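Engineer: coords please:
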Amino acid sequence: MYKSLKYLLFFLILTSCSNKQFNSLSKEQKMYEFSTIWKEVSYNFANFDNCPQVNFDSLYLDYLPKIIDSKNDFEYAKLIQKFMATLDNGHTNLEDLPNYLYPYLGWFKIKTTLKNNKVYIDNYGKKYENKLAINDEIIAINDIPVMEYLEKFIMPYIATTHPSKKLELSMMYTNSYYLTWRDSKMKLSILRNGKSIDVQLKVTSFLLPTKKEQEEEVDNEWIVPISYPQNEFYTDLSKGFAYIKLNACDRKNLDYFLDNKNVIKKCENLIIDLTDNGGGYSNFCNPIIDFLVDQDTLSLYPIKVRTNNSLYKAYGERMDTTHRDSWSKEQFNSYYYNFYLDKSFETIRHQDYWINSLPQTQRYTGNIYVIIGENTASAAEFLTTMLSQNKKILFIGEKTAGAVGQPLRVFLKSGVVVKMNTIKSYDFENKDISYGFEPDYVFDYYKYNNEKDSLKLFQNLVNFIKFNNL
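Structural biologist: This next block holds a predicted model:
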């Protein structure tokens, strides 16, 4: 009886709020929360140099009236998402919205892909099976040409260190960019077999489904079953190679690596594939680093953080000649004036290290080839950078995502949570890697793995390494 009453009340509340008028936050609270975000980013965000086109104070003033006049709490959260995305950083974004909105939001269960600058249906929920087909080309969304729609309504909300990737990242999926009211409708104009067709779609996937919707989800599975990258391990003992693919920095992937390390140790060459590794937790990388870096002490790569010193800022403001006795004018400007401009950084962790937990006899001493790419991110970039202190390691592939960092989260009373990156990262040669770690050798991963067959990729990589005498 209690459960039935609970779901009835849930349904009544859901129905009453489906008119998109959920506006519980006062204008004063919105203004205060948004100003708090601006303040925290101003003092703590480390990567303004990656978005030189942004005048952050002007951006704040531009968004403030929009925030105050936002029609409802969801629009308010979306404006914050858009605001944070202008900073072009993978660790600087809207992390969560007020959880009281969860029951009223959902997605169109569609997955699209970009081919030759055209958008195609790649997958969809079964409830759309009478309206959509795989490889339908999307011409327009809600009567707006598809590229114009993506540029106006999706790309501005995407937080990435590489803005050139926004089009690729704007493809439809059940992600925050496409989150919408659960009673929303969408018109797709598609091209199928040379004919143009218009279809009307309803939201069919929900952020917090009702009990009935949970039961009906079995009838709305993806037409093409979703497959997730798997860990894989291969050896070619005749050529002395082992290959291991790690897809995350977590306990599962660490255990998988440790389960195979005895076999790895018998091979003269090791290929580690991190191309689908979006990160996780850096502490799960440490045992791997201990095994692969044959050093008794392991250095931590240096990082820089924003610093504020009110006295030095006052010096910078006054430029008082009485304080220049031991400084040249140029030194004075570059040191104190940077505090005044809020551009002062302090290098930390440049001498930090840990003691290798493994004795030398248990470490790997062969040749190591680490495969990286644009999807190698966050903790996987930490792993990549830490491994680079081993001079026997070569990095092959493409530049990483540029999402290495340490985010600071700010929790607001409404339930909005934002995060911002607080560090600039450097490799052991003092090169800024905040925007991605560069490989030693460029390797077109997708060209050699177009069939997504890791065994064939392993063989192609071995041939690539041998052909180039790496």
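Engineer: What ranges in the stretch 251-400 of the chain fall below the confidence cut-off?
Structural biologist: 319-333, 350 (pLDDT under 70).
Engineer: repeat that for 50
Structural biologist: Applying pLDDT under 50 to the stretch 251-400 of the chain flags no residue at all.
Engineer: what ranges do the helices span in it?
Structural biologist: Taking DSSP state H, counting those that start in this stretch, the helices of the stretch 251-400 of the chain run over residues 251-265, 286-292, 310-318, 329-340, 379-387.
Engineer: could those go into TSV alongside distance to Leu132?
Structural biologist: The way it works is simple: take the backbone N, C-alpha and C, and place the C-beta from them, glycine included. Shown next, in TSV, are those (distance: least, C-beta to C-beta, whole Å):
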stretch	distance to Leu132
helix 251-265	34
helix 286-292	43
helix 310-318	58
helix 329-340	55
helix 379-387	34
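Engineer: Please identify which of these is closest to Asn460.
Structural biologist: Across the helices of the stretch 251-400 of the chain, Asn460 has its closest neighbour in helix 251-265 (19.9 Å, C-beta to C-beta).
Engineer: Rebuild the helices of the stretch 251-400 of the chain as a markdown table, extending it with distance to Lys71 and mean neighbour count.
Structural biologist: What follows is the helices of the stretch 251-400 of the chain, written out as a markdown table (distance: least, C-beta to C-beta, whole Å; neighbours: other C-beta atoms under 10 Å):
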| stretch | distance to Lys71 | mean neighbour count |
| --- | --- | --- |
| helix 251-265 | 43 | 15 |
| helix 286-292 | 48 | 20 |
| helix 310-318 | 40 | 15 |
| helix 329-340 | 40 | 15 |
| helix 379-387 | 39 | 24 |
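Engineer: so which of those gets nearest Gln351?
Structural biologist: So among those, helix 379-387 is nearest, using C-beta to C-beta, at 15.4 Å.
Engineer: who are the neighbours of that closest one, in terms of helices and strands?
Structural biologist: helix 286-292, strand 367-372 (3 or more C-beta pairs under 8 Å, 6 or more residues apart in numbering; DSSP states H and E).
Engineer: Tell me which of those approaches Ile197 most closely.
Structural biologist: Among the helices and strands packed on helix 379-387, strand 367-372 sits nearest to Ile197 (C-beta to C-beta), with 41.6 Å.
Engineer: The closest one pairs with which strands?
Structural biologist: According to DSSP bridges, strand 367-372 has the following sheet partners: strand 269-273 (parallel), strand 393-397 (parallel).
Engineer: Measure how far the last one is from the centre of its chain, please.
Structural biologist: Pointing back at strand 393-397 there. 22 Å (C-alpha atoms, centre = their mean, to the nearest Å).
Engineer: Then stretch 124-133?
Structural biologist: On C-alpha atoms, centre = their mean, the centre of stretch 124-133 falls 29 Å from the chain's centre.
Engineer: Low-confidence regions, the stretch 1-150 of the chain specifically.
Structural biologist: 1-19.
Engineer: at 70 what do you get?
Structural biologist: 1-21.
Engineer: From Glu168, how far out is Ala155?
Structural biologist: Actually, residue 155 is Met rather than Ala. 10 Å (C-beta to C-beta, to the nearest Å).
Engineer: hmm, I was thinking of Lys152
Structural biologist: 17 Å.
Engineer: Wait, Glu317 touches Tyr340, no?
Structural biologist: Yes: under the contact definition of C-beta atoms under 8 Å, Glu317 touches Tyr340, with a separation of 5.2 Å.
Engineer: if we can go back for a sec, dump the helices and strands packed on helix 379-387 into TSV; add distance to Lys261 as well.
Structural biologist: Formatted as TSV, the helices and strands packed on helix 379-387 follow (distance: least, C-beta to C-beta, whole Å):
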stretch	distance to Lys261
helix 286-292	6
strand 367-372	13
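Engineer: out of the ones you listed, nearest to Trp354?
Structural biologist: helix 286-292 (7.6 Å).
Engineer: quick one on the thing from earlier: between the helices and strands packed on helix 379-387, which gets nearest to Pro439?
Structural biologist: That would be strand 367-372 among those, by C-beta to C-beta, at 5.9 Å.
Engineer: Would you mind writing the CA trace of that closest one as PDB?
Structural biologist: What follows is strand 367-372, C-alpha atoms only, in PDB (Å, rounded to 0.1, in the frame of the first residue of the first chain):
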ATOM      1  CA  ASN A 367      61.300  -2.300 -23.900                       C
ATOM      2  CA  ILE A 368      57.900  -0.700 -23.400                       C
ATOM      3  CA  TYR A 369      55.600   0.900 -26.000                       C
ATOM      4  CA  VAL A 370      52.600   2.900 -24.700                       C
ATOM      5  CA  ILE A 371      49.800   3.600 -27.100                       C
ATOM      6  CA  ILE A 372      48.000   6.800 -26.400                       C
END
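Engineer: Thanks a lot, see you next time.
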